[in-house]
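>>> Quick one: sequence plus predicted model below, questions after.
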Amino acid sequence: MKTRPLPCISPVGGGNLRQIRRAARLCSLWICSLLLCFCLCHIQAQDDQLNRVHVQPPAGTASPAAEPASAEAPPETGINALKIHPGSFIRMDVDLVLVPVTITDPMNRLVTGLEKNDFQVFENNGEQAISSFACEDAPVSIGIIFDLSGSMTSKLVRAKEAILQFIMTANPQDEFFVIGFNDRPELIEDFTSSVEDIQARLATVQSGHRTALLDAIYYGVAKMKDAHHERKALLVVSDGGDNRSRYTEGEVRAQVRESDVEIYSIGIFDPYAPTPEERTGPQLLEDLSDSTGGRMFRVDDVDEMSDIAEKISTELRNQYVIGYRPTDRTRDGKWRKVK
């Protein structure tokens, strides 16, 4: 049986052995250095953690107590009390009722020059003491609701002239917006005091389609939430009738009643109205206007529209504003009749 000889291993020379030992010593020193660095880093990390631990101050040193999150700030005094800080709230109850009043004679002419003693105010048949009275020409926020339906085509030019006449005779501090409507209402011009801006926008409008009168009035009353003046009014220029609105007459009446907006109307009615909507249009505009303290002016001749618009503007500038504090302070949400 033959066997394979094992490989022969030659002994390492003396020079090579010294090199290996020297390399081993260098390797040991390098490992020790790494271990030393690791220990120093670990000690430093422990020291940093200790430095972050809260240490109680020595006895006798006052520590400010943390104010509870729900605690209210102390009231301001002196001049700071007159400043409003960001995020602060002011709450107050206002019991003063302001009633705008227009007085006309049997010839439907304005009566001016009246005094506080010329008026009496009744709430639910109970007389109220008048606490404030004014008749100055205060600025008004006015929304113009302009009918652009197909039935207005022959009256469009005169209607534009009447609107511009109304604006030009108003208080220079009044602000206006214009809503045009046919199938749906659309904001033509946002709040502005510039006659030129409104005139430029009115020059581009065209008439056509059906009539969403109730939707336009609803939109106009809602738009008054952005008004800058306390007194608010809508001027509706229409030939009456509604055949396209989503809102019902009851919904619009409820919204108008809850708002503080007077409605004045210029009604350009056709004496031979062909549809039931057009025949009931005059009554609808008159009821909405009367319920807010405004009035409806019927136009028999389109050439008179500018004169009527000027008359409405004058009426708005010559209103009396009567203020009273109700003797009945019950807050039951019920409507009260003021006379």
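Nice, I can see it.
>>> Tell me, what's the model's pLDDT at His85?
As predicted, His85 sits at a pLDDT of 63.
>>> again with Asp105
91.
>>> contacting residues around the nearest residue to it once chain neighbours are set aside?
In space, and not counting its chain neighbours, Asp105 is closest to Val111: 5.6 Å by CB to CB, 6 or more residues apart in numbering. C-betas here are computed from N, CA, C, even on glycine. Neighbour list for Val111: 103-105 [criterion: CB atoms under 8 Å, 6 or more residues apart in numbering].
>>> Tell me how far Gly267 lies from Met296.
6 Å (CB to CB, to the nearest Å).
>>> In the protein, where is pLDDT below threshold?
For the chain, applying pLDDT under 70 flags the ranges 1-94.
>>> before we move on, the earlier item: name the residues contacting each of Gly267 and Met296.
Residues touching both Gly267 and Met296 (CB under 8 Å, 6+ apart): 282, 285-286.
>>> Mark which of the residues you listed are part of helices, please.
Mapping the shared contacts of Gly267 and Met296 onto helices (DSSP state H) picks out 282, 285-286.
>>> Contacts for stretch 292-302 next, please.
100-102, 155, 158-159, 233-234, 256-257, 259, 261-269, 282, 285-286, 289-290, 305, 308, 311-312, 315.
>>> out of the residues you listed, which are buried?
Listed as buried from the contacts of stretch 292-302 are 100, 155, 158-159, 233-234, 256, 259, 261-269, 282, 285-286, 289, 305, 308, 311-312, 315; burial here means 16 or more other CB atoms under 10 Å.
>>> you'd agree Glu196 is in a helix?
Yes. The assignment for Glu196 is a helix, going by DSSP: H, G, I helix; E, B strand; the rest coil.
>>> Around the residue nearest to Ala212 when sequence neighbours are not counted, how many other residues sit close by?
Counting by CB to CB, 6+ apart, Arg244 is the residue found nearest to Ala212 once chain neighbours are left out, at 4.1 Å. Here the number of neighbours of Arg244 (other CB atoms under 10 Å) works out to 19.
>>> List the residues that contact Arg244.
With contacts defined as CB under 8 Å, 6+ apart, Arg244 is in contact with 182-184, 209-212, 215.
>>> One more: Val236?
So Val236 contacts 145, 147, 213, 216-217, 263-266, 285, 288-289 (CB under 8 Å, 6+ apart).
>>> So it: helix, strand or coil?
strand.
>>> if we can go back for a sec, what about the residue nearest to Asp105, distance to Gly267?
24 Å.
>>> And Met305, by the same measure?
10 Å.
>>> Please apply the same query to His229.
On the measure of CB to CB, His229 and Gly267 end up 26 Å apart.
>>> What is the end-to-end distance of stretch 133-140?
17 Å (CA to CA, to the nearest Å).
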